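Chemist: Below: sequence and its predicted model.
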Amino acid sequence: MPRRMRLLVLFIAVGGCAGTQAKPKVVLLEGKEPPADCQPLGEVVGSHADHNPSAEDALENARWKASKLGATHLLKDGPRTGRSGAHTETFTGQAYRCPAGR
């Protein structure tokens, strides 16, 4: 196989793997406050826009945003998620960084 062809195959293989990401490890707190030794990092709003928006996808988007802040926990604001438009589901929560083992 020519060198250029091998490089092309290598780039395609590596590029395909780059799109696969593990789920963020952010614990969802529902109906309970985080432990007192957790540091608040701020509000996170996750959303999912589609013809059939999913609350689960909006939550997953919020978890990604919280993890980018360095959060380990996400406290759900209010009783439930909601729609912010005809085709958008939203999830609002507070991000926290807690010590290991929480």
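Modeler: Great, that's in hand.

Chemist: now the helices for this protein?
Modeler: Using DSSP state H, the helices assigned to the chain run over residues 3-18, 55-68.

Chemist: Now do the buried residues in the shortest one.
Modeler: The neighbour-count criterion (16 or more other CB atoms under 10 Å) identifies 55, 57-63, 65-67 as the buried residues of helix 55-68. Just so you know, the C-beta spots here come from the backbone N, C-alpha and C atoms, and that holds for glycine as well.

Chemist: Which neighbouring elements make contact with it?
Modeler: Under the contact criterion of 3 or more CB pairs under 8 Å, 6 or more residues apart in numbering; DSSP states H and E, helix 55-68 touches strand 39-49, strand 73-76, strand 88-97.

Chemist: Let me know the average pLDDT across the last one.
Modeler: The average of the pLDDT scores along strand 88-97 is 91.

Chemist: Put the alpha carbons of stretch 54-71 into PDB.
Modeler: The C-alpha trace of stretch 54-71 is given here as PDB (Å, rounded to 0.1, in the frame of the first residue of the first chain):
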ATOM      1  CA  SER A  54     -36.200  14.900  24.900                       C
ATOM      2  CA  ALA A  55     -35.900  15.900  28.600                       C
ATOM      3  CA  GLU A  56     -33.300  13.200  28.900                       C
ATOM      4  CA  ASP A  57     -31.200  14.800  26.200                       C
ATOM      5  CA  ALA A  58     -31.600  18.200  27.800                       C
ATOM      6  CA  LEU A  59     -30.400  16.700  31.100                       C
ATOM      7  CA  GLU A  60     -27.400  15.100  29.300                       C
ATOM      8  CA  ASN A  61     -26.500  18.500  27.800                       C
ATOM      9  CA  ALA A  62     -26.700  20.100  31.300                       C
ATOM     10  CA  ARG A  63     -24.400  17.300  32.600                       C
ATOM     11  CA  TRP A  64     -21.800  18.100  29.900                       C
ATOM     12  CA  LYS A  65     -21.900  21.800  30.700                       C
ATOM     13  CA  ALA A  66     -21.500  21.100  34.400                       C
ATOM     14  CA  SER A  67     -18.600  18.800  33.800                       C
ATOM     15  CA  LYS A  68     -16.800  21.500  31.700                       C
ATOM     16  CA  LEU A  69     -17.100  23.700  34.800                       C
ATOM     17  CA  GLY A  70     -15.400  21.000  36.900                       C
ATOM     18  CA  ALA A  71     -18.600  19.900  38.600                       C
END
